[in-house]
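S.K.: sequence and computational prediction follow.
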Amino acid sequence: MKVEDTFLPGVKFLTPQRFGDARGFFSESWNRARMAASGLDHDFVQDNHSVSAATGTLRGLHYQSPPHTQAKLVRCGRGALFDVVVDVRLGSPTYLKWVGVDLTADNGKQLLIPAGCLHGFVTRVADTEIVYKCTDYYAPDCDGAVRWDDPDLGIDWGLSTAPILSDKDAQAPRLSEIDNPFTYEAAL
Ligand SMILES: Cc1cn([C@H]2C[C@H](O)[C@@H](COP(=O)(O)OP(=O)(O)O[C@H]3O[C@H](C)C(=O)[C@H](O)[C@H]3O)O2)c(=O)[nH]c1=O
């Protein structure tokens with residue numbers, strides 16, 4: 001498994017090995033011992049799976065607040081998406097900085113997101129499927145969103161037209177309008 005650091009502490013790109021043959025390929029998409037051997041032992045407890053029918057579907061920017069923060073391991077099962085992580089850990093050296101990465105079914109790349117970061121993605125092709133592991137269960141009372149186009153974050157989503165959003169995402173507040181519950185030390 002290839003592990004690449006990003007300039008956001010704890011945000012990493014992971015690419016598991018693929019064994020190709022005439023039928024296609026096989027890959028262990030997640031192996032806890034192999035992750036632990038790279039110092040990345042996370043106790044994932046929930047798998048999520050969503051399919052977005054249209055190109056330009058944007059889901060995010062989402063988080064779960066304490067005591068139910070979530071670290072995530074994200075990959076694209078079908079199609080292609082641009083995935084974005086924003087560091088909102090108060091005290092972080094990269095506070096308010098963001099990283100974007102193309103995750104596709106073909107490149108097999110995965111994104112490891114520590115707790116204390118906002119997560120969102122936009123689809124690049126129709127019928128794109130995302131699957132991701134979470135280190136805590138869904139907690140609706142802790143589920144939060146920040147607007148995708150928050151001017152304080154300045155994310156370049158690579159969009160030429162307005163994205164398709166859920167009502168929740170279309171009405172999300174700016175980061176400056178929420179009581180940020182994340183601190184750098186606690187989130188590491
Ligand atoms: C997140 C979640 C949602 N749900 C239910 C609640 C709603 O009735 C329905 C759709 O939820 P939502 O519109 O929040 O789904 P997304 O917009 O894909 O949200 C996700 O997208 C971004 C990219 C994320 O990283 C989060 O995991 C998550 O916020 O699924 C559940 O039952 N369990 C869950 O863990």
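M.R.: Received, thanks.
S.K.: any idea how far the residue nearest the centre of the chain is from residue 83?
M.R.: The chain has residue 119 as the residue nearest its centroid, 4.4 Å off, counting by Cα atoms, centre = their mean. Distance, residue 119 to residue 83, using Cβ to Cβ, to the nearest Å: 8 Å. C-beta here means a position set from N, CA and C on the backbone, and glycine is covered the same way.
S.K.: the residue nearest to the centre of the chain - that's part of a strand, no?
M.R.: Yes - secondary structure of residue 119 (DSSP: H, G, I helix; E, B strand; the rest coil): part of a strand.
S.K.: okay, and the beta partners of it?
M.R.: residue 62, residue 85 (DSSP bridges).
S.K.: I figured it hits residue 85, correct?
M.R.: Yes - the criterion here is Cβ atoms under 8 Å, and residue 119 meets it with residue 85 at 6.0 Å.
S.K.: counting neighbours, what do you get for residue 78?
M.R.: Neighbourhood size, residue 78 [other Cβ atoms under 10 Å]: 14.
S.K.: leaving out the residues flanking it, which one is nearest to it?
M.R.: residue 129 (4.0 Å; Cβ to Cβ, 6 or more residues apart in numbering).
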